[in-house]
Each structure stands twice: as structure tokens, then as C-alpha cells.
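Chemist: Sequence plus predicted model, see below.
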Amino acid sequence: MNNIVAAKKESVINYMKDIFNDVGNVTIFALRFFKEVVKPPYEMKEFIKQCYVIGYKSLPLVTITGFIMGLVLTLQSRPTLAKFGAESWLPSMVALSLIREIAPVITALICAGKVSSGIGAELGSMKVTEQIDAMEVSAINPYKYLVVTRILATTLMIPLLVIYADGIGILGGYVGINIHSDVNFHRYLAQVLESITFLDIFPATIKTFFFGFFIGMIGCYKGFNAANGTESVGKAANSAVVTASLTIFIIDMLAVQLTDLFF
Amino acid sequence: MIPEKIIQETTPVSKTDTAVIEIKELYKSFGKNEVLKGVNLTVKKGENLVILGKSGSGKSITIKCIVGLLAIDKGEINVFGTDITKLDNAGLNEIRVRIGFLFQNAALYDSMSVRDNLGFTLKRHAKDLSSEEVENQIKEILESVGLSEAIDKMPSELSGGMRKRIGLARTLILKPEIILYDEPTTGLDTITSREISELVLEIQKKYKTSSVIITHDMACAKHTSDRLMILKDGIIHAEGTYEELEKSDDEWVRSFFI
Ligand SMILES: Nc1ncnc2c1ncn2[C@@H]1O[C@H](COP(=O)(O)OP(=O)(O)OP(=O)(O)O)[C@@H](O)[C@H]1O
Ligand SMILES: [Mg+2]
């Protein structure tokens, strides 16, 4: 009995050690980005390619999810507002929830699934097939070429995708409203724009840069540190999605607290 | 006598003027798995050194230590007279551009065409080359490995033997003084193996390189080696020319040559 307890204790301690080790390594990995990003040579071509892959290639997915978000949100909120006789508030309510919370988080989660896992799998397979080592031995800095470009691209592209999703979501909301009543698009848009202030957009946009940074960084970290063997490529991709999604929720929570504090 | 000793100690170059690689008492372990337990080896300028050993004996680990891909536990690795274990990244990179490394599975960049695989390294190290000169050098190197027609192919479209050759071309493009080959002929048919062995010899003559060749292929070993070493239990167990080792008194050593 005592043995079992001791073994349990040991495994818990080891588990905690692993976590702290991981956090330490991620931090070192992330800090290296800031050191290397300012140093030439700048891999412009690879950066632009990654922007295309991460941003442009995610557009269809973001379009569909953005539209459905707006549509469903409108349809779901309508009965509640109707109960209070506040149906005319529907456009502003939809726009505010989309811009402040739903579009950033859902888009970031979608990108965690698509982009973070994609980066994790790509770099993981490069690691396993020794392509990263090959760069290293030919005196090319693989962190600079592979990691810096990808993190920069996600940090820039995720906010743009979120702004795009905001727009598509508001369009979806318009369609949702028109299922039950007939509202002129200009009036709808005027109502939406009237309700949005700078303080709704600014903090929401700031946090999307953090989402983007972590989506790229976690994908790269998991790929770069993939173990040997092909099955670890799948593991890297999988754990990139899980970790990135969790991180998005944590950042979101912190962002709400900080916004409350400052604005 | 005494002044001479001082000179030897203060000028390491004089000790290694004929040795391009000199490994002393190299130890490397992974957790509890002690792989290298005091490896000593020298590669002389212009020679082909073949390393034999059972699978898992630490051959790949040894050459990965030479280019600083793995941090060692203990020992000294002198390359061109500099102990690379004491170098920082920038210093290490200066040495690395002078060494070519052929990976066991070629390690071609999957996302790039053959042209870009070769150009990738060249453009980053010879920045003053015009794109025309880069193109010419790529073509020249591809011709020397006999694969000019593959220039626009992607790595996924190449056969195993072609991948090895392109991998070789990629290491040759920086005109290295040392080449480390990790199983250049493994997984290839006898004829292709023979061609690759020929290529290794040709490169030695044409570019005056010194090489370390890891192989399980005794035909390749016989063909390419000036000297052989056998790795066993973490140390160099035997050393000599092919003919010497073939007639060794040690039955275990002889078993490689059957
Ligand atoms: N990254 C690593 N982490 C942990 N152990 C490793 C690692 N790389 C190699 N090893 C271990 O080191 C030992 C030697 O590996 P190495 O790749 O040098 O063998 P090898 O002699 O090249 O074999 P082969 O002929 O099959 O290629 C093996 O037992 C292997 O399990
Ligand atoms: Mg090996």
C-alpha cells in the first residue's frame, strides 16, 4: 500500500517536473524569436509565402464559419430580446458580441486547428527526416528561416482574418434578421456602426495579435521538438492544436480582466 | 628539447597539419544509454576513412558530433585544428561551411525543387553570385552527379538512388574540404551502389576532399576506403586497411568480411 502511494507520489512529481520543464523550454523558444527577428538576413520570400499559406488559404474556412457565427447568433438571440420587447437592439447586440468576443475566439480556434497543426506537422516531419539538421550543418539558421517567418506570418495574418470574420459575421447577422423581418441593409449597417466604439475594437484587436503569435509559436515549438519516428509527427500536430486552443482561452480570459482594468 | 615541447603546445596547428579531423576520448550518452565510451580517431588530409560497426553502435552519432549537431559529454574534436566543442554558433558555422554532410536518408528539403534544394545553400553563403552564376553552378554540380535532367523535379518524384545523388550534389555545392557520408549506398541495388562508390572516389580525386564514410556495404568499403575502423562497444575496436582487417586474428572483425 505504501509502495503504491510512493509510486503515485513519484509519478505526480515527475509529471509536475515535466510541465515546468516544458514551460521553461517554451519560454526560451519564444524569447529567441525576439532576438532573431531583428537580426538580418530577413527571409522575405519565405515570410510572404507563409502569409499566403496561413492567411489566404484560410479564407474559405473563415468565411464559412464567420457567416454561420453571425447568422446563428442572430437567430438564437432574437427570442430572448423579443421577450423584453427589445428586438430593435438585435443588430447592435450581434455586432458587439461578434467584434468583442465571438469572432476573435472562434477564428483563432479555427486557425489553431488548421494553421497550428499544419505548422506542427510540417516542421515535425522536417525534424524527423533530418531536414532541420541538414539546414543546421550547412550553416543556415533553421530557427530564422522556419520559425521566425511563420510566427511573424501568424501574428500578422490572424488579426486580419479576425477583422475579415467580423465583417462576414455582421453580414451573416443581416441575413439572420431578414429571415424573420424585412430590414433595409443600409439601416442595418447604420445601426451596427452606431453601436460600435473604439473601445470595442481596440482591445479586441490587440488580443488577436497575441492569439496569432501563440498559434504560430506553439505550432513551431511542437514541430521543432518532435521526437524521432514518424508517429511523433502526428503527435506534434495533435498536441499543437490542443495546446494552442487552451492558450487562446487563457489569453482571452486575461484580456477580459485587463480590458476591465484599463478601459 | 624543452623549447620544442613549448612550441608544440602553443601551436596546435603543427600537431595536426596532416590530420583534418582528430577525435580524442569522445564520450556521448543518451540518458542511461552510453553510446560512445572513449572514441579516438584521426582522418588525414585527402584520405577516405570508412567506419564499420553493427547497427546502433554509434556511427551516425560520431559524425553528428563532428559537425556539432549533438553536444558531447566529454572529449575533444579537432577539425582543421580547432576544437569545435569549444566554439560558439558563429565559429561553428565557419567550420560547417567547409564540411559536407550526406544524411542517411538524404534529408532533401521536401518543399523545394531540386534546383532550390541546391540553390538554397549556395545563395545564402555566396551572396555576391548573380542568379545566372548560381544557375550555372547548380547545373555543373548536377552534371557531375549525373542527374542534369532532374533539375525541375520535386524530391517526392525521385527514386532512392536519385535522392542520394541529389543529397550528394547539395553537399558538394559549397566545395567542402571534408565530406561525411552516412551510408551512401544503403538500400540501393548493386549496380547503383557501385556507381555511387565510383562517385565517392571521383569526388575525392576531383575536389581533393577528405572523407568519413559510414557503411554496411562491404563492396563499397573495399572500393572507397584508404583505411577502415570498426566501432564496437563505444570504442574503436580495430583499425587498418581492408586487406589487413580481412586477415585479422580477431574472429569478430573477420565476420564483417564474409
Ligand atoms: N536523438 C537520440 N536520442 C536518444 N538516443 C539516440 C538518439 N540518436 C541515437 N540514439 C541511440 O544511439 C545509439 C547509436 O545510434 P546511431 O544512429 O549512431 O547508430 P548507427 O551506428 O548509425 O546505426 P545504423 O547503422 O542503424 O544507422 C542507438 O542505440 C540509438 O538508440
Ligand atoms: Mg546510422
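Modeler: It's in. It should be emphasised that the depicted structure is a prediction, and the values quoted were computed from it without experimental measurement. Ligands and ions are numbered 1, 2, ... in the order given.

Chemist: B:Leu49 contacts B:Leu41, correct?
Modeler: Yes. In this structure, B:Leu49 is within contact of B:Leu41 by Cβ atoms under 8 Å, at 7.4 Å. Where C-beta positions appear, they are placed from N, C-alpha and C, glycine not excepted.

Chemist: Need the overlap of contacts for these two.
Modeler: Applying Cβ atoms under 8 Å, 6 or more residues apart in numbering or on different chains, one finds that B:Leu49 and B:Leu41 are jointly contacted by B:Met229.

Chemist: I'd say B:Leu70 and B:Tyr27 touch.
Modeler: No. Counting by Cβ under 8 Å, no contact exists between B:Leu70 and B:Tyr27, whose distance comes to 11.8 Å.

Chemist: buried residues in the lowest-mean-pLDDT helix or strand in chain A?
Modeler: One helix or strand of chain A scores below all others by mean pLDDT, DSSP states H and E: helix A:2-37, with a mean of 86. The neighbour-count check on helix A:2-37 (16 or more other Cβ atoms under 10 Å in any protein chain shown) flags A:26, A:29-30, A:33 as buried.

Chemist: Also stretch B:47-58?
Modeler: Residues of stretch B:47-58 classed as buried under the neighbour-count rule (16+ other Cβ under 10 Å) are B:47-53, B:57-58.

Chemist: Please tabulate those residues in a markdown table and include distance to chain A as additional columns.
Modeler: What follows is the buried residues of stretch B:47-58, written out as a markdown table (distance: Cβ to the nearest Cβ, whole Å):
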| residue | distance to chain A |
| --- | --- |
| B:Glu47 | 21 |
| B:Asn48 | 20 |
| B:Leu49 | 19 |
| B:Val50 | 20 |
| B:Ile51 | 18 |
| B:Leu52 | 22 |
| B:Gly53 | 19 |
| B:Ser57 | 17 |
| B:Gly58 | 15 |
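
Chemist: filter those residues by proximity to ligand 1?
Modeler: Applying Cβ under 6 Å from any ligand atom, the subset of the buried residues of stretch B:47-58 adjacent to ligand 1 comprises B:53, B:57-58.

Chemist: The residue of the stretch 151-263 of chain A found nearest ligand 1: how many residues sit nearby?
Modeler: Relative to ligand 1, the nearest point of the stretch 151-263 of chain A is A:Asn228 (5.9 Å; Cβ to the nearest ligand atom). Counted with other Cβ atoms under 10 Å in any protein chain shown, residues neighbouring A:Asn228 total 9.

Chemist: Contact partners for A:Val147?
Modeler: Listed by Cβ under 8 Å, 6+ apart, the contact set of A:Val147 reads A:33, A:36, A:123, A:220, A:224.

Chemist: Checking my notes, it in a helix, right?
Modeler: Yes. Secondary structure assignment (DSSP: H, G, I helix; E, B strand; the rest coil) places A:Val147 inside a helix.

Chemist: On the pLDDT front, check it for me.
Modeler: Note on A:Val147: pLDDT of 96.

Chemist: And it, how far from ligand 1?
Modeler: The spacing between A:Val147 and ligand 1, counted by Cβ to the nearest ligand atom, to the nearest Å, is 20 Å.
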